[in-house]
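**Q** sharing a model prediction with you, sequence too.
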Amino acid sequence: MKRYFINSELKISSSVLLLLMTIFLLITSLALKISHDNLKADYIKSLGAIAERVALKNPEMEKEIIPLITKEVSRDEAARGSAFLKQYGVTKDLEDALFPYVSGAIIKNNYSIILIFILMTTILFTLNYFQHSFFYKRIRRLTDAAKKVVEGDYDIAINESREGDFSKLAISFNSMRDIIRSNLSDLRREKQFLVELLSDISHQLKTPLSSVILYNDIMVTKELPQKQRSMFLLNNQNQLEKMNWLIKNILKLAKLDAKAIEIVKEEQSLNETVQDVIDALESKASEAKVVITFKEKEEIVFKHDRLWLEEALINIIKNGIEHTPVGGTINLELMENPLYIRIIIEDTGEGISESDLPNIFKRFYKAKTSKKSESIGIGLALSKSIVEAHNGMIEVRSKVDIGTRFIITFIV
């Protein structure tokens, strides 16, 4: 019961009810006092008239009558008096009308009770009306707000300044409104993401697929020399491998964006992860005649999913190899302090222009100055999604013809 009294409305209504009951008690007590005073006055009138007549008829009885009026009679005297009056038919069963003063007192008392009842009922109904009007006004406000939320208006807010259940209800309503708005916003984003994804897949597969269909049609309909046929088959193989790689990475990116892939983080050496990445790209770097160096200061243990983080780093370093001229270098460095762990990847490549920098992590974006026509522009977008899935952030700084620096930061 105690928990209900946190509501200011219940405190007010209880206080008002207590005040009304006190007023009712005072009014009733006053009415009873007036009734008793009137009854006492009537009692004096009646007994005074009787005493005056007896004293007039028998003066010597005057001194005996007065004490009888002002003191309580004994049981014997009361019994004899009742028996005497009974001889004349005066008993308690006699009609009230034959007792004029008693009848008047009863009528006055009845009127007083009715008047008090009407007064208290009027007050209670009036207060009850105002109190429930106040309650229902607040409930209607919640109902109207709920209708607006259903209609798509999420700017409505319910504010309650008083402590209590209405305040809790207002907080719950506002929280529910925010959750609904957030969920609908997520659904719209997911729908838009799906539309863009299908458009991207269609656009990116259109060119290689057309090439494969064209070469295949030529080989089917025409007699070609073995050398040309082999060239066409090789081209088809390259295009199919490109489509396979593209589809796999698009699906990975889509699953990451949709949070459909679980990133399993384990405490393990970040140095080993970086070294595995260098080993995986060693042959590609050798072919491009680019040197990869790894500056290790100390062993850093970091909670991460090795396979996914390796994929993110491979995409960044691979991008650096492809855009670094012969004889260039790619430097990797690890940093750790009490606040964060950082991976720095810096190349001496062709660099990225300032106009392209804000867009390089967008899917299928290709820099205007890029010299690699076969570049698709999905690797960096995938790397960014993987880093963010590890609660990290990635930033890039670059100068044209000087090089590019990727900084990956994980807050400890």
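**A** Structure's in. What do you need?
**Q** could you measure from Ile278 over to Ile317?
**A** Ile278 sits 8 Å away from Ile317, going by Cβ to Cβ, to the nearest Å. Where C-beta positions appear, they are placed from N, C-alpha and C, glycine not excepted.
**Q** next one: Asp144
**A** In this structure, Asp144 and Ile317 are 59 Å apart, going by Cβ to Cβ.
**Q** equivalent analysis for Ser398, please.
**A** Ser398 sits at a distance of 15 Å from Ile317 (criterion: Cβ to Cβ).
**Q** and those two? which has more neighbours close in?
**A** Ile317 (25 against 21; other Cβ atoms under 10 Å).
**Q** tell me which residues of the helix or strand harbouring the more buried one are tucked away?
**A** Per DSSP states H and E, Ile317 falls inside helix 306-322. Under the neighbour-count criterion of 16 or more other Cβ atoms under 10 Å, helix 306-322 has 306, 308-322 buried.
**Q** what's whichever helix or strand comes after that helix in contact with?
**A** Using DSSP H and E, the helix or strand that follows helix 306-322 towards the C-terminus is strand 329-336. Strand 329-336 is touched from outside by 270-271, 274, 278, 285, 290-298, 300, 317, 320-321, 324, 341-348, with contacts defined as Cβ atoms under 8 Å, 6 or more residues apart in numbering.
**Q** next structured bit after the longest helix belonging to the chain?
**A** Assignment by DSSP state H gives helix 165-221 as the longest helix of the chain. As assigned by DSSP H and E, the chain's next helix or strand after helix 165-221 is helix 226-257.
**Q** what average pLDDT does stretch 254-271 get?
**A** Over the span of stretch 254-271, the pLDDT mean works out to 81.
**Q** and it, C-alpha only, in CSV?
**A** What follows is stretch 254-271, C-alpha atoms only, in CSV (Å, rounded to 0.1, in the frame of the first residue of the first chain):
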residue,chain,number,x,y,z
ALA,A,254,25.9,-7.2,-46.7
LYS,A,255,26.1,-9.7,-43.8
LEU,A,256,28.3,-7.4,-41.8
ASP,A,257,26.1,-4.4,-42.4
ALA,A,258,23.0,-6.4,-41.4
LYS,A,259,24.8,-7.8,-38.3
ALA,A,260,24.2,-11.3,-39.6
ILE,A,261,27.7,-12.4,-38.9
GLU,A,262,29.0,-13.1,-35.4
ILE,A,263,32.4,-11.6,-34.7
VAL,A,264,34.1,-14.1,-32.3
LYS,A,265,36.6,-12.1,-30.3
GLU,A,266,39.4,-13.9,-28.5
GLU,A,267,42.4,-12.7,-26.5
GLN,A,268,45.3,-13.3,-28.9
SER,A,269,48.5,-11.7,-30.3
LEU,A,270,47.9,-8.8,-32.6
ASN,A,271,51.5,-9.1,-33.8
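**Q** quick one: contacts of it?
**A** Stretch 254-271 has contacts (Cβ under 8 Å, 6+ apart) with 190, 193, 197, 252, 296, 299-306, 308, 334, 341, 343, 382, 385-386, 389-390.
**Q** now which of those would you call buried?
**A** Buried subset of the contacts of stretch 254-271 (neighbour count, 16+ other Cβ under 10 Å): 197, 252, 300, 302, 304-306, 308, 334, 341, 343, 382, 385-386, 389-390.
**Q** give me the distance between Pro208 and Gln237.
**A** Taken as Cβ to Cβ, the span from Pro208 to Gln237 is 11 Å.
**Q** who has more neighbours, these two?
**A** More crowded of Pro208 and Gln237, by other Cβ under 10 Å: Pro208, with 18 against 11.
**Q** give me every residue that touches the more buried one.
**A** Pro208 is in contact with 239-240, 242-243, 246, counting by Cβ under 8 Å, 6+ apart.
**Q** for Phe302, phi and psi?
**A** Phe302 adopts backbone torsions of phi -140, psi 140, taken as degrees, to the nearest 10.
**Q** ok, for it, nearest residue in space, not its chain neighbours?
**A** The shortest distance from Phe302 to any non-neighbouring residue, by Cβ to Cβ, 6 or more residues apart in numbering, is to Leu270 (4.3 Å).
**Q** what's around Phe410, how many residues?
**A** Count around Phe410 with other Cβ under 10 Å applied: 19.
**Q** from the contacts of strand 329-336, keep the buried residues only.
**A** Among those, those buried by neighbour count (16+ other Cβ under 10 Å) are 270-271, 274, 278, 285, 290, 292, 300, 317, 320-321, 324, 341-343, 345-348.
**Q** of the contacts of strand 329-336, which belong to helices?
**A** Members of the contacts of strand 329-336 lying in helices (criterion: DSSP H): 270-271, 274, 278, 285, 317, 320-321.
**Q** which of those sits closest to Val54?
**A** Set against Val54, the nearest of the ones in helices among the contacts of strand 329-336 by Cβ to Cβ is Leu270 (123.3 Å).
**Q** count of neighbours near Ile114?
**A** Neighbour tally, Ile114, other Cβ under 10 Å: 10.
**Q** per-residue pLDDT, it?
**A** Here, the pLDDT recorded for Ile114 equals 84.
**Q** ok but it is inside a helix, no?
**A** Yes - assessed with DSSP: H, G, I helix; E, B strand; the rest coil, Ile114 lies in a helix.
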